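Trainee: sequence and predicted model, in that order:
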Amino acid sequence: MKIKKLCLGLLFLFLLCGCTENNNNLSSSDKTPSGQQPNVNEESVIKVVYFSCTNNTKTVATKIANYLNCPIDEIVPLIPYTADDLNYNQNSSRANLEQNDNNARPEIKDSIDLENVNTIFLGYPIWWGKLPKIIYTFLETYDLTNYKIIPFCTSGGSSIATSVNEIKKLEPNATILEGKRFNANASDLEVQSFVDSLKL
């Protein structure tokens, strides 16, 4: 009788351990309903992605990445922009031609690794009050469904609002925050205050 009870007890423990192991092996996708927005408040996996020609946006992007201790990646054009390309006073300059062409999509040199990322700080300069067309290329290249996108830009005076609306149209299945515009000489404190206000 004692042996029988002992055997039953061991069998029960074996089954209990097996169930526990199976539950622990469930992936995050098994535990989360399909299509649910990632809970960045609990497990944010953040990356800073930016495009910068004159290093103004790069400076702010670097401050954000350093403050959050998160990875950073640059959107590098396949054909680099020259000073002449950015001459807004020349109607035939590359930047002018791209911004006036709804179909312009400048190629990106290298792929951006977004594996396991769910929150992106997306940085860019404001060109003619809008997104540079290379940001269109980035947003149309990657499926950012259910991502949280936090825009930030650098500009001498133009608002970020129009560019944020562009992002919302390009990424209707992502959560787009209103973002922030920075001057070229944005301080560490200003950048950190912005990040802190997001409560990531």
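Mentor: That came through, no problem. Numbering: from 1, shown residues only.

Trainee: need the contact list for the most centrally placed residue in the chain.
Mentor: Centroid-nearest residue in the chain: residue 120, 1.7 Å away (criterion: Cα atoms, centre = their mean). Residue 120 is in contact with 46-49, 114, 144, 147-150, counting by Cβ atoms under 8 Å, 6 or more residues apart in numbering. All C-beta spots, glycine's among them, are computed from the backbone N, C-alpha and C.

Trainee: and the contacts of stretch 140-152?
Mentor: Residues contacting stretch 140-152 (Cβ under 8 Å, 6+ apart): 35-38, 40, 60-61, 64, 105, 108, 112, 114, 117-124, 160, 163-164, 167, 170-171, 173-182, 194, 198.

Trainee: nope, stretch 174-189 is what I meant
Mentor: If you take Cβ under 8 Å, 6+ apart as the criterion, stretch 174-189 is touched by 37, 56, 59-60, 63, 67, 126, 144-156, 158-161, 164, 167-168, 190-191, 194, 198.

Trainee: give me the low-pLDDT residue ranges for the protein?
Mentor: 1-42 (pLDDT under 70).

Trainee: quick revisit: can I have the buried ones of the contacts of stretch 174-189 as a PyMOL selection?
Mentor: Command for PyMOL, covering only those of these found buried under the criterion 16 or more other Cβ atoms under 10 Å:
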select buried, resi 56+59+60+63+126+144+147+148+149+150+151+152+153+154+155+158+160+164+167+191+194
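
Trainee: what about residue 121, is that helix, strand or coil?
Mentor: strand (DSSP: H, G, I helix; E, B strand; the rest coil).

Trainee: show me the contacts for it.
Mentor: 46-50, 61, 64-65, 150, 152.

Trainee: which residues does it form beta bridges with?
Mentor: residue 48, residue 150 (DSSP bridges).
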